[in-house]
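S.K.: generate a structure from the sequence data that follows.
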Amino acid sequence: MEHIEGIGSFVPQDGRDHDMWARLSQFCASEPQAFDRNPETSHVTGSAFVLSPDLGSVLLTHHRKLDRWLQLGGHCDGIADVAFVALKEAYEESGLSRIAPLSERVFDVDIHEIPANANEPAHLHYDVRYLFRADAGEISPSDESHALEWVPLDRLHERTDAPGVLVLRDKLPAFPNAVI
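M.R.: A predicted model of the protein is given here:
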């Protein structure tokens, strides 16, 4: 198990995991603004895979800017506690009133490019993902979303072809210390 301050511990499951974690570790060690939202640099983001109370579905948002179905999450905005950021974003984007962590460990790391737009150049998101369970409340989309939907894990591929989302279905059965 490996640890990064502000991010937590991670147990890589395969070569992809080892590569992503090594790149994230190097980025955090070398970039003083790793947790900030400077559009001139890449940055760490926090995401939440929020599972339904029965653990059979995941809550996805149809992201307004990216026009894609994704997990909940967002920018750290200077907060160097990424698990907290992921949970905060999950609350803000879901409308749920109680969300519980399923593990203290990082579930996944996905480094991906955000395309340039009118306000910022292309840059990387070092996205750190955590597992949560919805314990109470009704879902209600935020202004950042067109819609929210509980998607059964066995039908996730019908809603999205994004590898960064499908990784949930693929990695969940082997994830250590999850209450699943």
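S.K.: from what I see, residue 73 and residue 48 are in contact.
M.R.: Yes - at 5.7 Å, residue 73 and residue 48 qualify as touching, with contact defined as C-beta atoms under 8 Å. Just so you know, the C-beta spots here come from the backbone N, C-alpha and C atoms, and that holds for glycine as well.
S.K.: shared neighbours, these two?
M.R.: By C-beta atoms under 8 Å, 6 or more residues apart in numbering, residue 73 and residue 48 have these common neighbours: 86, 89, 90, 129.
S.K.: report pLDDT for the most centrally placed residue in the chain.
M.R.: Centroid-nearest residue in the chain: residue 47, 2.0 Å away (criterion: C-alpha atoms, centre = their mean). Note for residue 47: predicted pLDDT of 98.
S.K.: helix, strand, or coil at it?
M.R.: With DSSP: H, G, I helix; E, B strand; the rest coil as the basis, residue 47 sits in strand.
S.K.: my guess is it contacts residue 126. True?
M.R.: No - using C-beta under 8 Å, residue 47 makes no contact with residue 126, being 10.9 Å away.
S.K.: more neighbours: which of residue 73 and residue 48?
M.R.: residue 48 (28 against 25; other C-beta atoms under 10 Å).
S.K.: you'd agree that one is up against residue 72?
M.R.: Yes - contact criterion C-beta under 8 Å: residue 48 and residue 72 qualify, at 4.7 Å.
S.K.: hmm, back to that, nearest to residue 101, out of the shared contacts of residue 73 and residue 48: which one, please.
M.R.: Checking the shared contacts of residue 73 and residue 48 against residue 101 with C-beta to C-beta, the nearest one is residue 86 at 9.2 Å.
S.K.: contacts only, for that closest one.
M.R.: The contact partners of residue 86, by C-beta under 8 Å, 6+ apart, come to 46, 47, 48, 72, 73, 128, 129, 130, 132.
S.K.: just how off-centre is the lengthiest strand in the chain within its chain?
M.R.: The longest strand of the chain (DSSP state E) is strand 123-136. Its chain's C-alpha centre and that of strand 123-136 lie 3 Å apart, by C-alpha atoms, centre = their mean, to the nearest Å.
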